[in-house]
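In: no sequence on hand, only this structure:
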């Protein structure tokens, strides 16, 4: 009986029989069949477990481990929130040439790395969910590229005439920057979409963080084009900080753990 659907690269595939699913789905693949309210990972359907390689299940995750991972996400998100506000204040008063501003940019890049790293660790270690690993790895890489490029642009903005960069180098630099920007947007969208289907409170907050970060990036670009005054800096700082609130608040009462085994 062709009763199953599965998700592949954001598209619905099916209906298929159980036999036809073999080799097409892993334990982390999102599936759906009649009677299910939401999409779930394939390993949650008892009748599909024999499709996967026989191996011992992961050891049970303790509540202590869960709290440690969430605490690491919150601490780094709080640091990133603070760095964002401080950088906004420095930009408002035009202190970008201060050495401390360069330090703040690098601190922001590093902290962004740790936020995404601990989100990945929570999903892997607590929920045993690995389907977003590629998305998070690419987001880490593109975030570093954008952060370093942002530092370069701010540091040399008033010295472009003395850099003597060739036209080809300039074109390559902006090409890489634009590609990294759009990849960042795309993979934040993918991350938000995947996590929104899990049915876990913590994963849902990670999903909202991903979506609001995506929207925030677009809003910042639009604001920067439309407005060219002090209010732009205030607005873009607020927009940049809002997504982090999903990671800073709201976890205290979250005891829910769903293991995908």
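Out: Arrived safely, thanks for sending. The model shown is predicted, which means the values in this text are computed figures rather than measured ones.
In: only C-alpha atoms from now on, for both contacts and neighbour counts.
Out: Will do.
In: tell me where this structure has strands.
Out: Applying DSSP state E to the chain gives strands spanning 4-8, 11-16, 30-33, 40-41.
In: parallel or antiparallel, which strands does the second one pair with?
Out: The one in question is strand 11-16. Its sheet considered, strand 11-16 pairs with strand 4-8 (antiparallel) by DSSP bridges.
In: and the partner strand, what's buried?
Out: By 16 or more other C-alpha atoms under 10 Å, the buried positions in strand 4-8 come out as 4-7.
In: closest to residue 121 out of those residues?
Out: Within the buried residues of strand 4-8, proximity to residue 121 (C-alpha to C-alpha) peaks at residue 7, which comes in at 23.2 Å.
In: what pLDDT is listed against the closest residue to that closest one other than its chain neighbours?
Out: Residue nearest to residue 7 in three dimensions, not counting chain neighbours: residue 30, with 5.4 Å by C-alpha to C-alpha, 6 or more residues apart in numbering. Confidence at residue 30, expressed as pLDDT, is 89.
In: give the contact list for residue 30.
Out: Listed by C-alpha atoms under 8 Å, 6 or more residues apart in numbering, the contact set of residue 30 reads 6-7, 39-42.
In: returning to what we had before: would you point out the most distant pair within the buried residues of strand 4-8?
Out: Farthest-apart pair in these is 4 and 7; separation 10.4 Å (C-alpha to C-alpha).
In: any common contacting residues for the two?
Out: residue 31.
In: pretty sure residue 209 is touching residue 240, no?
Out: No - Residue 209 lies out of contact with residue 240 (C-alpha atoms under 8 Å); the separation is 11.1 Å.
In: buried stuff in stretch 71-84?
Out: Buried residues in stretch 71-84, counting neighbours by 16+ other C-alpha under 10 Å, are found at 71-81, 83-84.
In: please apply the same query to stretch 102-109.
Out: When burial is assessed from 16+ other C-alpha under 10 Å, stretch 102-109 yields the following buried residues: 102, 104-109.
In: just send those residues back as CSV, with pLDDT and distance to residue 193 too.
Out: Listed next are the buried residues of stretch 102-109 as CSV, based on pLDDT from 0 to 100; distance: C-alpha to C-alpha, whole Å:
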residue, pLDDT, distance to residue 193
102, 81, 34
104, 88, 31
105, 86, 29
106, 86, 29
107, 91, 28
108, 91, 25
109, 89, 24
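In: need those residues in TSV with distance to residue 220, can you?
Out: Formatted as TSV, these follow (distance: C-alpha to C-alpha, whole Å):
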residue	distance to residue 220
102	20
104	19
105	17
106	20
107	20
108	17
109	18
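In: which one of these is nearest residue 246?
Out: Nearest member of these to residue 246, counting by C-alpha to C-alpha, is residue 108, at 17.7 Å.
In: pLDDT below threshold where in the stretch 1-150 of the chain?
Out: 1, 52-66 (pLDDT under 70).
In: and the helices in it?
Out: Per DSSP state H, counting those that start in this stretch, the stretch 1-150 of the chain carries helices over the ranges 18-21, 63-92, 99-121, 133-156.
In: between those, which gets nearest to residue 189?
Out: Closest to residue 189 of the helices of the stretch 1-150 of the chain is helix 133-156 (C-alpha to C-alpha; 9.4 Å).
In: so the closest one versus helix 99-121, what angle?
Out: Helix 133-156 and helix 99-121 are oriented at 180 degrees to each other (axes from the mean of the first three to the mean of the last three C-alpha atoms, to 10 degrees).
In: how far is helix 133-156 from where the chain is centred?
Out: 13 Å (C-alpha atoms, centre = their mean, to the nearest Å).
In: just stretch 98-116 next, same as before
Out: Centre-to-centre, stretch 98-116 and its host chain are 17 Å apart (C-alpha atoms, centre = their mean).
In: can you check stretch 97-105 too?
Out: In terms of C-alpha atoms, centre = their mean, the centre of stretch 97-105 is found 25 Å from the chain centre.
In: next one: stretch 29-45
Out: On C-alpha atoms, centre = their mean, the centre of stretch 29-45 falls 24 Å from that of its chain.
In: which of the residues in it are buried?
Out: Those would be 29-33, 39-44, for stretch 29-45 by 16+ other C-alpha under 10 Å.
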